[in-house]
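[1] Sequence and computational prediction follow.
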Amino acid sequence: MSTASAAAAEAPSDVVKRFYLQPGLELEQSSRSYFIDPARKVLIQNDAIRQGGEEGCLDPSLPFNDTNFDPAEVAGSLKLEELVSGTEATVVAKFMAEGEEQAVQWRLRQIGETWRISDMISMSKDWALSRFQCE
């Protein structure tokens, strides 16, 4: 089954879960097909900075609410709450990191049969992927 057809059958929470099971996936160019603007635009700007030899403008642990996380602790505590309304969906990822419950909201839009990520927003810190200025 191709990645595109596998993604077509996925629920919004399945799309989000992938980023917790593969830390750093959002920074891989191979994951761009999971994103749409405004998130995709920021990720592409970050890619361009990294290709120029610099570190990039995004923290490598955004899905983990910009924490020092233990992948096993996150995997063991991860809870995904999904709300779908038509072609829009919100998935709140809650997990333990640094001894505290963390929460990150993912916004998705259905394009055809596939759910795409349009933004990632911290529910306790002051950041949203769409607000990063990567220029």
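    Yes, it's here. Residues are numbered from 1 along each chain as shown.
[2] Now do the same for the lengthiest strand in the chain: mean pLDDT, whole number.
    Criterion DSSP state E: the longest strand present in the chain is strand 100-111. In this model, strand 100-111 has a mean pLDDT of 97.
[3] Buried ones in that strand, by neighbour count?
    Across strand 100-111, burial judged by 16 or more other C-beta atoms under 10 Å covers 102, 103, 104, 105, 106, 107, 108, 109. To be clear about C-beta, it is placed using only N, CA and C from the backbone, and glycine gets the same treatment.
[4] could you give the mean pLDDT of the helix or strand harbouring residue 18?
    Assigned by DSSP states H and E, residue 18 falls within helix 12-21. Looking at helix 12-21 alone, the average pLDDT works out to 96.
[5] List the buried residues for it?
    Buried, per 16+ other C-beta under 10 Å, within helix 12-21: 12, 13, 15, 16, 17, 19, 20.
[6] For the longest strand of the chain, which helices and strands make contact with it?
    Here strand 100-111 touches helix 12-21, strand 88-97, strand 114-122, going by 3 or more C-beta pairs under 8 Å, 6 or more residues apart in numbering; DSSP states H and E.
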